[in-house]
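Peer 1: okay, here's the prediction I keep looking at, along with the sequence it came from:
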Amino acid sequence: MFKTSQTDSAAAFVTPRTPLAGMPPARTKAVPMGMSLTGLQQNELLRALPQAELERLMDELELVAMPTGKHLYDFGDKVEYSYFPTTAIVSLQYVNEDGVCTEIAVVGREGVAGVTMYKGERASNTAVVQAAGYGYRLRTDALRALFAEGGMLAQQLMRYTSCLFAQLAQNVVSSRHSSIEQKLCRWLLERLDRSPSAELKVTQELIANLLGVRRESITAAAGKLATDGLIQCRRGMIVVLDREGLERTAGACYFAARGVQQPSLANH
């Protein structure tokens with residue numbers, strides 16, 4: 001769904017390095033340290049863009065470290081930047097009046113966090129870095145200007161938004177109709193899809209908080225998965241030993257949303 005041929009890409013964007021609508025002309029500057037087409041293409045959404053469009057973005061994108069626990073924005077904030085993770089994983093959360101948070105979606109190298117298409121629009125969720133890494137950030141006013149031009153980036157953003165809605169919908173269904181064990185398997189698989197290794201740095205308490213369940217329930221479910229040889233639990237870390245076993249246990253809880261994800265994740 002997210003792949004485009006070189007011919008399609010060239011046809012979709014043929015005016016290289018012209019100023020974004022409503023934005024000042026691109027600055028003449030050296031490419032910042034750590035910035036390269038190869039680096040940008042670690043994010044699957046950016047990788048899908050034709051080279052000319054990606055080169056235009058290099059004047060606006062900024063490589064940033066994304067440490068664990070960093071709030072990229074909070075509910076109700078004016079969103080200054082959109083973030084395209086490369087190695088980081090971002091948890092999108094809803095925080096109620098009592099300060100209790102529940103995860104509603106997760107974003108990794110396949111997508112973007114913080115897209116607001118209307119001027120003055122406020123964040124409808126809180127975005128917290130759940131796994132440390134790097135990513136690229138882009139000013140939201142620049143993103144809106146490029147979106148208005150209708151290039152390939154606009155198409156990719158609309159497709160990604162559709163995938164994100166599917167993930168949100170599946171999370172709602174899962175919260176009502178899946179067992180704790182299934183929820184845990186899905187949660188681990190979603191991280192595994194976006195992680196470079198099978199070692200996930202996370203505590204059972206954090207998982208319980210994000211899933212909105214009791215810590216004891218996660219401990220019991222994790223113990224069952226460990227006994228079955230699917231995972232290994234260490235202090236502050238869970239190691240996935242049998243991905244296929246996790247997938248079988250998660251069942252539709254995981255595969256329903258997976259069917260509409262980007263090829264980079266669906267073919268993992």
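Peer 2: Yep, it's here. Keep in mind the model is a prediction, meaning the values are calculated, not measured. Residues are numbered from 1 along each chain as shown.
Peer 1: identify the residues contacting residue 46.
Peer 2: Contacts for residue 46 (C-beta atoms under 8 Å, 6 or more residues apart in numbering) come out as 40, 54, 57, 84, 136. In this view, the C-beta of every residue, glycine as well, is placed from N, C-alpha and C.
Peer 1: same thing with residue 103?
Peer 2: Counted by C-beta under 8 Å, 6+ apart, residue 103 has contacts 91-93, 171, 210-211.
Peer 1: show me the two of those residues that sit farthest apart.
Peer 2: 92 and 211 (13.8 Å; C-beta to C-beta).
Peer 1: can you list the weak-confidence ranges in the stretch 101-250 of the chain?
Peer 2: Within the stretch 101-250 of the chain, no stretch has pLDDT under 70.
Peer 1: quick one: the strands in it, in order.
Peer 2: Along the stretch 101-250 of the chain, counting by DSSP state E, counting those that start in this stretch, strands occupy 101-107, 126-131, 133-139, 199-200, 231-234, 237-240.
Peer 1: out of those, the one nearest residue 160 is which?
Peer 2: Per C-beta to C-beta, nearest to residue 160 of the strands of the stretch 101-250 of the chain: strand 101-107, 9.3 Å.
Peer 1: quick one: strands adjacent to that closest one?
Peer 2: Using DSSP bridges, the strands paired with strand 101-107 in its sheet are strand 89-95 (antiparallel).
Peer 1: how many other residues sit next to the closest residue to residue 144 other than its chain neighbours?
Peer 2: Leaving aside its chain neighbours, residue 144 sits nearest to residue 117 (6.3 Å; criterion: C-beta to C-beta, 6 or more residues apart in numbering). Neighbour count of residue 117, defined by other C-beta atoms under 10 Å: 14.
Peer 1: of the strands of the stretch 101-250 of the chain, which is nearest residue 155?
Peer 2: Among the strands of the stretch 101-250 of the chain, strand 133-139 comes nearest to residue 155, with 16.5 Å by C-beta to C-beta.
Peer 1: which strands or helices does that closest one pack on?
Peer 2: Where contact means 3 or more C-beta pairs under 8 Å, 6 or more residues apart in numbering; DSSP states H and E, strand 133-139 is packed against strand 62-66, strand 81-85.
Peer 1: most tightly packed of those strands?
Peer 2: When you average the neighbours per residue for each of those (mean count of other C-beta atoms under 10 Å), strand 81-85 leads with a mean of 24.
Peer 1: for the nearest residue to residue 114 once chain neighbours are set aside, list each beta-bridge partner.
Peer 2: Of all residues not flanking residue 114 in the chain, residue 82 sits nearest, at 4.3 Å (C-beta to C-beta, 6+ apart). Beta-bridge partners of residue 82, counted by DSSP bridges, are residue 138.
Peer 1: you'd agree residue 82 is up against residue 107?
Peer 2: No: under the criterion of C-beta atoms under 8 Å, residue 82 is not in contact with residue 107, lying 10.6 Å apart.
Peer 1: hey, what's in contact with both of those two?
Peer 2: residue 113.
Peer 1: mind listing what's buried in stretch 132-151?
Peer 2: 133-140, 142-147, 151 (16 or more other C-beta atoms under 10 Å).
Peer 1: so what's residue 211 up against?
Peer 2: 102-103, 183-184, 187, 218.
Peer 1: could you check how far it is from residue 190?
Peer 2: The gap separating residue 211 from residue 190 is 11 Å, by C-beta to C-beta, to the nearest Å.
Peer 1: could I get the pLDDT score of residue 7?
Peer 2: Note on residue 7: pLDDT of 34.
Peer 1: what residues are up against residue 87?
Peer 2: Here residue 87 is in contact with 42, 109, 133-135, 196 (criterion: C-beta under 8 Å, 6+ apart).
Peer 1: using a markdown table, lay out these together with distance to residue 65.
Peer 2: As requested, the contacts of residue 87 are exported to a markdown table (distance: C-beta to C-beta, whole Å):
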| residue | distance to residue 65 |
| --- | --- |
| 42 | 14 |
| 109 | 15 |
| 133 | 8 |
| 134 | 6 |
| 135 | 9 |
| 196 | 16 |
